[in-house]
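[1] missing the sequence, but the structure's below:
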Ligand code: GRF
């Protein structure tokens, strides 16, 4: 399998996936390309220093047409590199329906909350401010609605009285680094089916 990683930030989830491939927790896969909409993203630099193909594809201009044009370029770059599973890893953009259609059931995302609670930005802080006693992360397939697709895997962490947004986010991030590789491995195995919204293992 060929993975395409999309990121906008420091890329710690990307690096966790890279490590999992290197040590055999994800088998039969390679990272074919890492793409960022942010040319200065730390994750791009990290990808380059690992010897991976790393591309910056920023959006040019504003508005729906610029957004469509950007996604067209993203799809083309992923297709050119033979990508068959797209992993959004801190990719801070809402992808267009055309992008979702180009990779049907082949786009994963990680979100730092227990969905459907706290979709959108600053999910860890949302959980803290809401006062939940557990928090966590979700790996899910991407559909047309933000943070909504079929859930592959979730991990929980406690919320402690002394937590700040930063300490909670760090505790969740540790789980993200385990959950994302595990979810990728499960999806690539193909031993699952989706019934309604439920991701179920095949016996
Ligand atoms: C993670 O918390 C991820 O869940 C969220 O953005 C953060 C990305 O971190 N969507 P990194 O760039 O992978 O370090």
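    Great, that's in hand. What you see is a predicted model, and the numbers here were worked out from it, not measured in a lab.
[2] how many neighbouring residues does the residue nearest to residue 79 when sequence neighbours are not counted have?
    Leaving aside its sequence neighbours, residue 79 sits nearest to residue 102 (C-beta to C-beta, 6 or more residues apart in numbering; 7.7 Å). Heads up, the C-betas are built off the backbone N, CA and C, glycines and all. Neighbour count for residue 102, taken as other C-beta atoms under 10 Å: 19.
[3] for the protein, which residues are neighbours of the ligand?
    Proximity of the chain to the ligand (C-beta under 6 Å from any ligand atom) is limited to residues 7, 9-13, 43, 89-90, 110-112, 173, 176.
[4] just the buried members of those?
    Buried members of the residues of the chain next to the ligand, counted by 16 or more other C-beta atoms under 10 Å: 7, 9, 11-13, 43, 89-90, 110-112, 173, 176.
[5] what's opposite residue 54 in the beta bridge?
    Taking DSSP bridges, one obtains residue 34 as the residues bridged to residue 54.
[6] sec struct for the residue in the chain that the ligand sits nearest to, please.
    Taking C-beta to the nearest ligand atom, the ligand has its nearest neighbour within the chain at residue 90, 2.6 Å off. Of the three states, residue 90 takes coil under DSSP: H, G, I helix; E, B strand; the rest coil.
[7] distance between the ends of stretch 87-96?
    15 Å (C-alpha to C-alpha, to the nearest Å).
[8] that one: how far from the chain's middle?
    Computed by C-alpha atoms, centre = their mean, to the nearest Å, the separation of stretch 87-96 from the middle of its chain amounts to 7 Å.
[9] okay, buried residues for that stretch please.
    Under the neighbour-count criterion of 16+ other C-beta under 10 Å, stretch 87-96 has 87, 88, 89, 90, 91, 93, 95, 96 buried.
[10] is it possible to get TSV of the residues you listed that adds pLDDT?
    Converted to TSV, those look like this (pLDDT from 0 to 100):
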residue	pLDDT
87	98
88	98
89	98
90	98
91	98
93	95
95	95
96	96
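[11] now flag whichever of those residues is closest to residue 48.
    residue 89 (15.9 Å; C-beta to C-beta).
[12] mind pulling up the phi and psi values for the closest one?
    The phi and psi torsions at residue 89 (degrees, to the nearest 10) take the values phi -130, psi 80.
[13] what's the distance between it and residue 110?
    Per C-beta to C-beta, to the nearest Å, residue 89 is found 6 Å from residue 110.
[14] give me the common contacts of those two.
    Shared contacts of residue 89 and residue 110, defined by C-beta atoms under 8 Å, 6 or more residues apart in numbering, comprise 13, 180.
[15] quick one: secondary structure of the residue nearest to residue 97 when sequence neighbours are not counted?
    Leaving aside its chain neighbours, residue 97 sits nearest to residue 144 (5.1 Å; criterion: C-beta to C-beta, 6+ apart). When classified by three-state DSSP, residue 144 comes out as coil.
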